[in-house]
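>>> mind looking at a prediction? Sequence and model below.
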Amino acid sequence: MFETLILMLDATMRVSTPLLFAALAGLYSERAGIVDIGLEGKILGSAFAAAAAAAVFGSAWVGLIFGILTSVSLAMIHGFACITHRGDHIVSGVAINTIVAGLTVTLSMHWFGMGGQTPALSGDARFMEITFPFAEALRDVPVLGLIYSDMLSGHNILVYLAFLMVPVTYWVVYKTRFGLRLRAVGENPHAVDTAGISVAFIRYRALIVCGILCGLAGAYLSTAHNAGFLKDMSAGKGYMALAALIFGKWRPVPVLFACLLFGFLDAVAIRMQGVVIPGIGEVPVQAIEVLPYVLTVLLLAGFIGKAVGPKAIGRPYVKERA
Amino acid sequence: MTKKTMPYAIELRDISKRFGAVQANKDICLHVAKGTIHGIIGENGAGKSTLMSIIYGFYEADTGHIEVDGQRVDIRNSEGAIQAGIGMVHQHFMLVETFSVLENVMLGAEGGALLKNGIGAARIELQRLAQEYSLDIDVDAIVEDLPVGLQQRVEILKALYRGARILILDEPTGVLTPQEADHLFRILHALKEQGVTVLLITHKLREIMASTDNVSVMRQGEMVAHRETAHTTKEELAELMVGKKVRLTVNKDEANPSQVLLSAKHLSQFDSQGVKRLKDVSLELRAGEILGIAGVSGNGQSELLNVLSGITLMDEGEIDFAGQVINAKAPKDAAQMRDLKMAHVPEDRHKMGLVTGFEAYEAAILGYHNSDAYNGKVLMNRKAMLDECNTRMADWDVRPPNPHLKTANFSGGNQQKIVIAREVEQNPDVLLIGQPTRGVDIGAIENIHEQIVKLRDAGKAILLVSVELDEIMALSDRILVMFDGAVVGELDAKDADERTLGLMMANAFNEEQSGGQTASAEATGAHV
């Protein structure tokens, strides 16, 4: 039983990683007042670019760089539409998602001719698992041994990076000048402008950070978690990350727990596949997969605490007095 | 303007600014002597705010330039203004409400990439400023929890923290009680003692007369006059603002109240958060009487108007009106109240009074659009609507008298005339009217006030809600004062003076003068 739990927690870490990257990406964007429903598109775009570059250059790191560049470019398009031209954030985000969904498949058919996939990656073209020192030797220590050797050890570097990004984000958002301005610009951009700071510059910088983190999420999917790009492989992770962001009330640590919860539910869903529970029958996996969304809706409806987002979110900044 | 040896704190030379077809500022020249309080007065739309926005770098002037301390400065954005030593307290505060006072003050002047370096220094500096200018404040308080007067203090601290030597205040007293305003002016005088130059933008003559050294008057985008405050009068300034003689009082005869047309008993209402916004309010409206509701904005007046007009439902209490009893169990909506001959001029004409995208003739029948007068068998009777709009525009002197102009394109005063005419011309028994002259120029104010008095003399009951004490005192026959959702006092208009009303509005009257004058026992009992 304990071993099963450890295995599920191990899976939770793997499944939560892209959610965590994407949710933190959304945190930077939304704290700066830019709604980012385009997380999904950025993840998918990066996943494709990373897998394609890794396949061509044979290096996961080169793939990662291409993934991040792609994702940051998409974020800049979003910024150009929403910040410079004061467009509707949702429309721009949805447009990015739609374009990327089509473009990735089209380009990969054109380049690789494998029905929308990229070639399978192996060796250096993938991020490999890192085994902690003495993981084998310590496996037999009761309880802690399993946690150390099976749950914590044996993930690829991006998993650890994702979890490291939580304290880093907390520090950036609450302890730095950039963080103060970021939070201010999402609450009242007029206050930021009259304080002599450029609203657009802060928001663009937030979107660059958002793009980098989405790039990591995408590269993780195609070059670490899987070995290559598959059509629509982001599979709603961007939306789920957005849900986790709301569930975590736009704060880094609660967002971590929201991602872990959603990741755990996902791990449960995978584990429950085809399992027959006496008296109920086969558990429909969808019933578990839908839980994150149900929880988020309940939260938004005010049943679990209250989710108050940044005040100026989604509103283009017009340099005009109210 | 006499030449002085000391350079001016700030000097504007031939500033012009045009927005499309509108010349917002035309060849503005202004000299402000160092260490003085300089008032700039003008009607709404006279170009005061545009001019200040240019000084603070929000807009760039088309022509002309600015000099600070005799040096020409190039202000392209707020950062440039801050560097030139200019600070601004905006009419709508530029604060991040979820931040602490400290964070708000630091924003933009953090003193390094990491906050911890700046926080200590900021605390010490704020303490110094607090002592020097008696600007005491809890620096760790969250801004949205602070009362408006203190939020304004945060704005002043922000400017001083950035080393502002020239402080611009844009309509600073609009949101304050008279006592808070007095405190603000004491602070401004303290600043002046320390050599800070203050530019005070307002449309309130009283403030100009009471606290400035010099005053400049703007009208229709031009600077029309400069005066030393000691050598001018309210009347002269008012005349300069409007360009013609105005009457600051309303001519009206003694009221002749007769039967009660509407009586509200123990009205209470909760908002969506469960906060009680209206607390046990009772009042009677009599035919031939204007009942004024005084109070600082946000003390339950809006809720009272909404409940009386049927827009929101009361949670407790009842209204007797036109032979009907209206309460939570037997509600009437706004349309049904209209049918019972109650008219309502809402406080905010843009949000509730008009559809700004509609043409004037359409906006002029809103709420009465089902009336037979405007409808044929199937379609609306456009001709009847247009005829009526033309007649009203002539009667009420709406300019331009063009029924096809979108209501958004009329000036504030003319928009308000359209709304008031719409409600009054339906010949209601009871008129609820909120902020009838907010954002309306003086010429139109006079006209609107006359019409309200005329309606009273025709035997109608009028409930007037206004945050302008002058207006309340000039128009009302009887005055109720609201504070924190409750009626805290009632006065006969003859006994009302600014000081008494001001104290009542801050709910300090009973403390200062226990057993108060005519404060109704029932109402005070409900509050205390």
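That came through, no problem.

>>> check what pLDDT the residue sitting furthest away from the middle of chain A gets.
Using CA atoms, centre = their mean, the residue of chain A lying farthest from its centre is A:Gly279. It sits 37.5 Å away. On pLDDT, A:Gly279 comes in at 77.

>>> that one and chain B, how far apart?
In this view, A:Gly279 and chain B are 44 Å apart by CB to the nearest CB, to the nearest Å. Backbone N, C-alpha and C define where each C-beta goes, glycine included.

>>> which SS class is that residue?
The three-state label given to A:Gly279 by DSSP: H, G, I helix; E, B strand; the rest coil is coil.

>>> same deal with B:Ile462?
Classification of B:Ile462 by three-state DSSP places it in strand.

>>> now residue 237. Nearest residue, chain neighbours left out?
Going with chain A. A:Pro18 (5.3 Å; CB to CB, 6 or more residues apart in numbering or on different chains).

>>> my bad, the chain I had in mind was chain B
Leaving aside its chain neighbours, B:Leu237 sits nearest to B:Leu205 (5.6 Å; criterion: CB to CB, 6+ apart).

>>> need the helices for the stretch 51-200 of chain B, in chain order.
Assigned by DSSP state H, counting those that start in this stretch, the helices in the stretch 51-200 of chain B fall at B:78-83, B:101-106, B:115-133, B:148-161, B:178-193.

>>> and among the ones you listed, the most buried is which?
The highest average neighbour count among the helices of the stretch 51-200 of chain B, using mean count of other CB atoms under 10 Å in any protein chain shown, belongs to helix B:101-106 at a mean of 25.

>>> my read is A:Ala244 is in a helix, agree?
Yes: the assignment for A:Ala244 (three-state DSSP) places it in a helix.

>>> next to chain A, which bits of chain B? Give me the list.
B:49, B:53, B:56, B:58, B:77-83, B:88, B:90-92, B:94-99, B:103-104, B:106-110, B:112-116, B:118, B:158 (CB under 8 Å from any CB of the partner chain).

>>> how close does the spatially most central residue of chain B get to chain A?
Nearest to the mean C-alpha position of chain B, by CA atoms, centre = their mean, lies B:Gly174 at 5.2 Å. For B:Gly174, the distance to chain A (CB to the nearest CB) stands at 13 Å.

>>> which residue comes closest to that residue once chain neighbours are left out?
B:Gln91 (6.5 Å).

>>> tell me the confidence at the one you found?
Per-residue confidence for B:Gln91 comes out at a pLDDT of 81.

>>> so how many other residues sit close to it?
17 (other CB atoms under 10 Å in any protein chain shown).

>>> list the residue ranges of the stretch 101-250 of chain A that fall below the pLDDT cut-off.
Of all residues in the stretch 101-250 of chain A, none has pLDDT under 70.

>>> how about the residues of it that lie near chain B?
Counting by CB under 8 Å from any CB, the stretch 101-250 of chain A comes close to chain B at A:175-181, A:183-184, A:187-188, A:190-198.

>>> ok, now with 10 Å
Contact residues, the stretch 101-250 of chain A versus chain B (CB under 10 Å from any CB of the partner chain): A:171, A:174-181, A:183-198.

>>> could I get the contacting residues of B:Leu160?
Neighbour list for B:Leu160: B:87, B:105, B:125-126, B:128-129, B:132-133, B:135, B:167, B:191, B:194, B:196 [criterion: CB atoms under 10 Å, 6 or more residues apart in numbering or on different chains].

>>> what do you get if the cut-off is 8 Å, keeping everything else the same?
By CB atoms under 8 Å, 6 or more residues apart in numbering or on different chains, the residues touching B:Leu160 are B:Gly87, B:Leu129, B:Tyr133, B:Leu135, B:Leu167, B:Val196.

>>> do you know how far the nearest residue to B:Gly439 once chain neighbours are set aside is from B:Gln435?
In space, and not counting its chain neighbours, B:Gly439 is closest to B:Gly412: 4.0 Å by CB to CB, 6+ apart. Remark: distance between B:Gly412 and B:Gln435 (CB to CB, to the nearest Å) = 11 Å.

>>> hey, what's in contact with both of those two?
The overlap between the contact sets of B:Gly412 and B:Gln435 (CB under 8 Å, 6+ apart) is empty.

>>> who has more neighbours, those two?
B:Gln435 (23 against 18).

>>> pretty sure the more buried one sits against B:Ser466.
Yes: counting by CB atoms under 8 Å, B:Ser466 is a contact partner of B:Gln435 at 5.7 Å.

>>> flag the shaky bits of the stretch 101-250 of chain B, pLDDT-wise.
Across the stretch 101-250 of chain B, the ranges flagged by pLDDT under 70 are B:242-248.

>>> for chain A, what's its nearest residue on it.
Residue nearest to chain A within the stretch 101-250 of chain B (CB to the nearest CB): B:Gly108, separated by 3.0 Å.

>>> contact partners for that residue?
By CB under 8 Å, 6+ apart, B:Gly108 lies in contact with A:Arg181, A:Val192, A:Ala195, A:Gly196, A:Ile197, B:Ile82, B:Arg162.

>>> at 10 Å what do you get?
Applying CB under 10 Å, 6+ apart to B:Gly108 gives the contacts A:177, A:180-181, A:184, A:191-197, B:78-79, B:82, B:158, B:161-162.

>>> B:Lys48 now?
Per CB under 10 Å, 6+ apart, neighbours of B:Lys48: B:24-25, B:40-42, B:170-171, B:201-203, B:216-218, B:221.

>>> any chance of those residues in CSV, with neighbour count too?
Formatted as CSV, the contacts of B:Lys48 follow (neighbours: other CB atoms under 10 Å in any protein chain shown):
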residue, neighbour count
B:Ala24, 23
B:Asn25, 28
B:Ile40, 27
B:Ile41, 26
B:Gly42, 27
B:Asp170, 21
B:Glu171, 19
B:Ile201, 22
B:Thr202, 22
B:His203, 19
B:Ser216, 25
B:Val217, 26
B:Met218, 25
B:Gly221, 23
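
>>> of those residues, which is the nearest to B:Gly459?
When the contacts of B:Lys48 are compared for distance to B:Gly459 (CB to CB), B:His203 wins out at 34.0 Å.
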